[in-house]
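> Provide a 3D model corresponding to the input given below.
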Amino acid sequence: MADVFGDLLRLADVLDVDLETSLRAKIDLNAQKYPVELARGNALKYTAVAAKRAADS
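From the prediction side, this is the model:
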């Protein structure tokens, strides 16, 4: 696992990617796609969560 992490750090450096910013953006995107009140306790795919959200509206 440490080798993969090292490779990730090196790749991020070479590509000039800010890992903290990228991770925060991904977490924010997931929060929008999978709202806690709809996604907690199940393994529904995004499309199923979106359908459930639409049905509840």
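
> How much space separates Asp13 from Gly6?
Going from Asp13 to Gly6 by C-beta to C-beta, to the nearest Å gives 11 Å. Any C-beta I mention is one placed from the backbone N, CA and C, and that applies to glycine too.

> What residues of stretch 29-48 count as buried?
Under the neighbour-count criterion of 16 or more other C-beta atoms under 10 Å, stretch 29-48 has Tyr34, Leu38, Ala39 buried.

> what's it in contact with?
Val49, Ala50, Lys52, Arg53, Asp56 (C-beta atoms under 8 Å, 6 or more residues apart in numbering).

> repeat that for 7 Å
Here stretch 29-48 makes contact (C-beta atoms under 7 Å, 6 or more residues apart in numbering) with Val49, Lys52, Arg53.

> since we're on the first one, how many residues are nearby?
Val49 has 16 neighbouring residues, counting by other C-beta atoms under 10 Å.

> before we move on, what about Arg53?
By other C-beta under 10 Å, 14 other residues sit near Arg53.

> Phi and psi next, for it.
Note on Arg53: backbone dihedrals following degrees, to the nearest 10 are phi -60, psi -40.

> so what's it closest to, chain neighbours aside?
Here the nearest residue to Arg53 in space, its sequence neighbours aside, is Leu38; by C-beta to C-beta, 6 or more residues apart in numbering that works out to 5.8 Å.

> host element of that neighbour?
Per DSSP states H and E: Leu38 is located in helix 36-39.

> Centre of the chain to that helix, how far?
Remark: helix 36-39 is offset 14 Å from the chain centroid, using C-alpha atoms, centre = their mean, to the nearest Å.

> follow-up on the earlier one: the contacts of stretch 29-48 into TSV, with extra columns for pLDDT and distance to Val17?
What follows is these, written out as TSV (pLDDT from 0 to 100; distance: C-beta to C-beta, whole Å):
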residue	pLDDT	distance to Val17
Val49	73	28
Lys52	74	34
Arg53	76	31
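
> got the residues you listed as JSON lines, with distance to Ala25 columns?
Output for the contacts of stretch 29-48, formatted as JSON lines (distance: C-beta to C-beta, whole Å):
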{"residue": "Val49", "distance to Ala25": "19"}
{"residue": "Lys52", "distance to Ala25": "24"}
{"residue": "Arg53", "distance to Ala25": "21"}
